[in-house]
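J.: Quick one: sequence plus predicted model below, questions after.
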Amino acid sequence: MTAHELHNMLVKKEISCADIAESVLSRINRVESKTNSYIRVEKEKMMEEAAAVDEYIGRGGRIGDFTGIPIAVKDNICTKDIITTCASRILKNYIPIYDATVIKKLKEQRYILTGKANMDEFAMGSSNENSYFGNVSNPWDTERVPGGSSGGPAASAAAGEAVCSIGSDTGGSIRQPASLCGVVGFKPTYGAVSRYGLIAFASSLDQIGPLTRDVEDCAGLLNVICGHDENDSTSINRKNPDFKSFLKDDVRNMRIGVPAELMVKEIDAEVKSTVNAALLKLEELGAKVEEISLPNLKYALSVYYIIAPSEASSNLSRFDGVRYGHRNKEAKTLREMYKKSRSEGFGDEVKRRIMIGTYCLSAGYYDAYYEKAQKVRTLIIDDFRKAFKKYDVLISPTSPTTAFKAGEKLDDPLTMYLSDICTIPVNLAGLPAVSIPVGLSPEGSLPIGLQVIGDILREDNVLKAAYNIERAVGFDKKPNIL
Amino acid sequence: MRKIERKDIEHIAKLAELDFSDGELEKFTVQLDRILDHVARISKVDTEKILPTSHVIEIKNVFRDDIVKKSIPKEDALKNAPEVSDGGFKVPKID
């Protein structure tokens, strides 16, 4: 069930928070051994908190949209007094001393934390095969990956191990797993949600967002988590709109552009045809759909794999075994301690990206790689800017393929990186975008996601388009694991 | 772009404070060469009059009044430290 359905039942007193928590917990007990969606499940706390919220409602407390709703939180978001690992050995025992701003906002709603969701280590990966705490499996087919890096948040929401979840998206880490697991995943405009308490990967690209079972819950969670925060200097200072007010049943005359660069040969035929079928439905509803070209998008992957690792290599230099995290106990000197602690603490993909970033920022290469990439990024942003003069939203596939088999791309980082060709350009330009399920592949019965991209702070257009596509397509399939 | 060689990887590993085995050094040399070769395709893009992106949203310096606020208690700041001594972080000998 969705959060808004449960909310209505809570308001009518047809169900209690304890009932909801119990039913989610029994799902976790039943399927968690198959999905490994969580690094840590907060079983006891969940039931205690649910009872406390029931008592609060009994006293006449206000029932917010997410009051008493069990939500999974990606394990790179700090939760006070609850271990937050980033799926890394280096933070295996890290206990944050403060709550991330999004957690504070969720607590004001009196949400129920189900647990800390599994992910690729430091949010680096597209298959959730880079977690120190084991791979996550796709609830639609447990031999396949759930996507990444928010594999746990996507799998838990899809398998009913949480009603919805909170993830983070640096190059597609919310949208790509949402697509592969058949749920809705939204990356807000850069700066719309505070990054305070989100363990940084690439600070100019990272953004927190919701993964939900429908667009309405997505808008509801945006209402809760968006907003200015003085603890994040990149957070946008403006009054929050009511995101749910954009869920209107009308796309007549909506101008939709379909970038040719995101419909390239790397996209599977079944993905293309499913996305095209959804576009046709939008046209029938009165939207105007046109193919367009954003020529510099073809450089987005290259730009991303310079900028993101560069920022990561700088951000991850803080893990040195001094103030927190894993420390090698044998080291005799400080430098030896740094080296050994980091080498033991980080996994392969994280090391690979630290190495790429360090190279791109090193003397003699900075201009050719990092600065050049930031210039090409400007061209990509300009392409989007021009497109949004003519179109309200852009639509593309979210992922070039459906969920692939575990192990399939593990030895070939470059092929793995291609999983994000449709989502990466959006982060480079800081735009809001959503992935929504629009069908199952005829071959494997695996979900296919469609991506709606909007201009900066035009979440209204993105939500409106997504809401209408959701209604027109009527995707109501559930994973086999159920 | 120049081919990545093993000595480049050794140099970068030193800068990044990472240790690698022989096998890892070999693997990373091959993988990084492929990845950097791929991303270097942007070198052919004409960016002569283009300014590098610094922020994707319009952003100004953020200032606040210089008012003393409560800060993190020392015990909390030391809570996650691997080793503590005299109210500070203890580290091995500095070389």
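T.: Great, that's in hand. Residues are numbered from 1 along each chain as shown, chains lettered A, B, ... in the order given.
J.: the strands in chain A, which residues?
T.: Secondary structure of chain A (DSSP state E): strands at A:38-41, A:70-74, A:112-117, A:164-169, A:184-187, A:207-212, A:255-259, A:288-292, A:393-397, A:433-440, A:447-454.
J.: Sheet partners, orientation included, of the fourth one?
T.: As defined by DSSP bridges, the strand partners of strand A:164-169 come to strand A:70-74 (parallel), strand A:207-212 (antiparallel).
J.: For the longest one, what is the distance to the chain centroid?
T.: Translated: strand A:207-212. 5 Å (Cα atoms, centre = their mean, to the nearest Å).
J.: contact partners of that strand?
T.: Contacting residues not belonging to strand A:207-212 are listed as A:2-3, A:77, A:102, A:150, A:153-154, A:157, A:164-170, A:174, A:177-178, A:183-190, A:192-195, A:198, A:217-218, A:220-222, A:225, A:427 [Cβ atoms under 8 Å, 6 or more residues apart in numbering or on different chains]. C-beta here means a position set from N, CA and C on the backbone, and glycine is covered the same way.
J.: Got a ChimeraX select line for the buried ones in these?
T.: Burial among those is assessed by 16 or more other Cβ atoms under 10 Å in any protein chain shown; the matching ChimeraX selection reads:
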select /A:2,3,77,102,150,153,154,157,164,165,166,167,168,169,170,174,177,178,183,184,185,186,187,188,189,190,192,193,194,195,198,217,218,220,221,222,225,427
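J.: related to what we said a few turns ago, for the strands paired with strand A:164-169, give me CSV that also has mean pLDDT and mean neighbour count.
T.: Formatted as CSV, those follow (pLDDT from 0 to 100; neighbours: other Cβ atoms under 10 Å in any protein chain shown):
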stretch, mean pLDDT, mean neighbour count
strand A:70-74, 98, 30
strand A:207-212, 98, 30
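J.: Now render those strands as JSON lines, adding distance to A:Ser88.
T.: Output for the strands paired with strand A:164-169, formatted as JSON lines (distance: least, Cβ to Cβ, whole Å):
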{"stretch": "strand A:70-74", "distance to A:Ser88": "13"}
{"stretch": "strand A:207-212", "distance to A:Ser88": "19"}
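J.: residue farthest from the centroid of chain A?
T.: A:Lys332 (41.0 Å; Cα atoms, centre = their mean).
J.: repeat for chain B
T.: Most peripheral residue of chain B (Cα atoms, centre = their mean): B:Ile67, 31.9 Å.
J.: how much space is there between it and chain A?
T.: Counting by Cβ to the nearest Cβ, to the nearest Å, the separation of B:Ile67 from chain A is 12 Å.
J.: Where does pLDDT dip in chain B?
T.: Judged by pLDDT under 70, chain B has its weakly predicted residues at B:1.
J.: Would you state the strands of chain B in chain order?
T.: With DSSP E, the ranges of strands along chain B come out as B:84-85, B:88-89.
J.: Strand partners (parallel or antiparallel) of the first one?
T.: Pointing back at strand B:84-85 there. strand B:88-89 (antiparallel).
J.: Excluding residues flanking it in the chain, which one is nearest the most centrally placed residue in chain B?
T.: Residue closest to the average C-alpha location in chain B (Cα atoms, centre = their mean): B:Ala16, at 7.4 Å. Closest residue to B:Ala16 apart from its sequence neighbours, by Cβ to Cβ, 6 or more residues apart in numbering or on different chains: A:Thr358 at 4.4 Å.
J.: can you map out the helices along chain B?
T.: Assignment of helices within chain B using DSSP state H yields the ranges B:6-15, B:22-39, B:74-78.
J.: now those helices in a markdown table, with distance to A:Tyr366?
T.: Output for the helices of chain B, formatted as a markdown table (distance: least, Cβ to Cβ, whole Å):
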| stretch | distance to A:Tyr366 |
| --- | --- |
| helix B:6-15 | 13 |
| helix B:22-39 | 14 |
| helix B:74-78 | 34 |
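J.: how about a markdown table for those, with mean neighbour count and distance to chain A added?
T.: Listed next are the helices of chain B as a markdown table, based on neighbours: other Cβ atoms under 10 Å in any protein chain shown; distance: least, Cβ to the nearest Cβ, whole Å:
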| stretch | mean neighbour count | distance to chain A |
| --- | --- | --- |
| helix B:6-15 | 17 | 5 |
| helix B:22-39 | 17 | 4 |
| helix B:74-78 | 13 | 4 |
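J.: among the ones you listed, which is nearest A:Asn8?
T.: Counting by Cβ to Cβ, A:Asn8 lies closest to helix B:74-78 out of the helices of chain B; the figure is 41.0 Å.
J.: Excluding its own residues, what touches that closest one? List them.
T.: By Cβ under 8 Å, 6+ apart, the surrounding residues in contact with helix B:74-78 are A:97, A:323, B:84, B:87-89.
J.: For B:Lys3, state which of those is nearest.
T.: Taking Cβ to Cβ as the measure, B:Lys3 lies nearest A:Arg323 of the contacts of helix B:74-78, at 38.9 Å.
J.: Which residues are in contact with that closest one?
T.: A:Arg323 touches B:77, B:80-81, B:89, counting by Cβ under 8 Å, 6+ apart.
J.: returning to what we had before: select, out of the helices of chain B, the one closest to A:Ala472.
T.: Closest approach to A:Ala472 among these (Cβ to Cβ): helix B:22-39, 38.3 Å.
J.: export the closest one as PDB, just CAs?
T.: Extracted C-alpha coordinates of helix B:22-39, given in PDB (Å, rounded to 0.1, in the frame of the first residue of the first chain):
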ATOM      1  CA  ASP B  22      51.400  -5.900  -7.300                       C
ATOM      2  CA  GLY B  23      48.300  -7.500  -8.800                       C
ATOM      3  CA  GLU B  24      46.200  -4.500  -7.900                       C
ATOM      4  CA  LEU B  25      48.700  -2.100  -9.400                       C
ATOM      5  CA  GLU B  26      48.500  -4.100 -12.700                       C
ATOM      6  CA  LYS B  27      44.700  -4.200 -12.700                       C
ATOM      7  CA  PHE B  28      44.400  -0.500 -11.900                       C
ATOM      8  CA  THR B  29      46.900   0.500 -14.600                       C
ATOM      9  CA  VAL B  30      44.800  -1.300 -17.300                       C
ATOM     10  CA  GLN B  31      41.400  -0.100 -15.900                       C
ATOM     11  CA  LEU B  32      42.500   3.500 -15.400                       C
ATOM     12  CA  ASP B  33      44.100   3.700 -18.800                       C
ATOM     13  CA  ARG B  34      40.800   2.600 -20.400                       C
ATOM     14  CA  ILE B  35      38.700   4.900 -18.300                       C
ATOM     15  CA  LEU B  36      40.900   8.000 -18.800                       C
ATOM     16  CA  ASP B  37      41.200   7.200 -22.500                       C
ATOM     17  CA  HIS B  38      37.400   7.200 -22.700                       C
ATOM     18  CA  VAL B  39      36.900  10.500 -20.800                       C
END
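J.: Could you tell me the angle between the direction of that helix and that of helix B:6-15?
T.: Helix B:22-39 and helix B:6-15 are oriented at 100 degrees to each other (axes from the mean of the first three to the mean of the last three Cα atoms, to 10 degrees).
J.: what about helix B:22-39, distance to the chain center?
T.: 18 Å.
J.: so what secondary structure elements neighbour that helix?
T.: Helix B:22-39 sits against helix A:300-315, helix A:348-361, helix A:413-417, helix B:6-15, with contacts defined as 3 or more Cβ pairs under 8 Å, 6 or more residues apart in numbering or on different chains; DSSP states H and E.
J.: ok so, going back, farthest-apart pair in the contacts of helix B:74-78, please.
T.: Applying Cβ to Cβ across the contacts of helix B:74-78, the maximum distance is between A:Ile97 and B:Gly88, 16.9 Å.
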